[in-house]
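J.: quick one, what's the 3D model for this:
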Amino acid sequence: MSKASFTSRRVPAQHYVLAVILGAILTITVAVVVGATNPDDFWPAAGIGALCSGYPAMSLGVRVFVSNNTVTRDPNGEQSVELQWMRQAGAGAFIDVLVATIVASLVLAFGRFQVDALPLLLGLVGLSTLDAGLRYVAIRHRALK
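T.: Numbers count the residues shown, from 1 in each chain. Next up, the predicted model:
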């Protein structure tokens, strides 16, 4: 069962306008901040920031101003099988990433290795995403067998 279902309620036109305005304000804000952090290449950086933030900003605008009129919450949505699978996968991935972080920290501390933090943190993010995804697929496969 899905978390939300569509209804036939109509949304006032001004809600769509407000959604677009909020999305535009957020997109411009992100673009200016990204551009300001790269003053040598302000316009290319601002353009990339705008491209990356445009869709999420507009989606947030729709969520805030439009969804409340068109989507009703499913009272049993928290009991969905998919949500339970995702929680199980996330909990297992959290433990895996926590153990990997502790082991990596100990190896770096005792081995006195000098490494850049950014690649290590990006690797940790990649590990957590891959771990949660693989766990979800395995849980789903076992449940649907």
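
J.: and residue 38, what does it touch?
T.: 44, 45 (CB atoms under 8 Å, 6 or more residues apart in numbering). (C-beta placed from N, C-alpha, C; glycine too.)

J.: poorly predicted segments of this structure, please.
T.: 1-9, 71 (pLDDT under 70).

J.: geometric centre of the chain: which residue is closest?
T.: residue 56 (9.6 Å; CA atoms, centre = their mean).

J.: so which strand or helix has it?
T.: helix 42-65 (DSSP states H and E).

J.: can you tell me what sits against that helix?
T.: Outside helix 42-65, the residues that touch it by CB under 8 Å, 6+ apart are 15-16, 18-28, 30-38.

J.: that older thread, if I look at the residue nearest to the centre of the chain, how far off is residue 98?
T.: According to CB to CB, to the nearest Å, residue 56 stands 28 Å off from residue 98.

J.: cool, residue 70 as well?
T.: Counting by CB to CB, the gap from residue 70 to residue 98 is 40 Å.

J.: the two - which one has more neighbours?
T.: For residue 70 versus residue 98, the count of surrounding residues by other CB atoms under 10 Å is larger for residue 70: 15 against 11.

J.: doesn't residue 16 make contact with the more buried one?
T.: No - taking contacts as CB atoms under 8 Å, residue 70 lies outside contact range of residue 16: 10.9 Å.

J.: mind checking the longest helix of this structure?
T.: Longest helix of the chain, by residue count under DSSP state H: helix 81-111.

J.: check which element follows it along the chain.
T.: Downstream of helix 81-111, the first helix or strand assigned by DSSP H and E is helix 117-144.

J.: give me the buried positions along that following helix.
T.: Buried residues in helix 117-144, defined by neighbour count with 16 or more other CB atoms under 10 Å: 127, 128, 131, 132, 135, 136, 139.

J.: same check, this time on stretch 58-66
T.: For stretch 58-66, the neighbour count (16+ other CB under 10 Å) marks 58, 61, 62, 65, 66 as buried.
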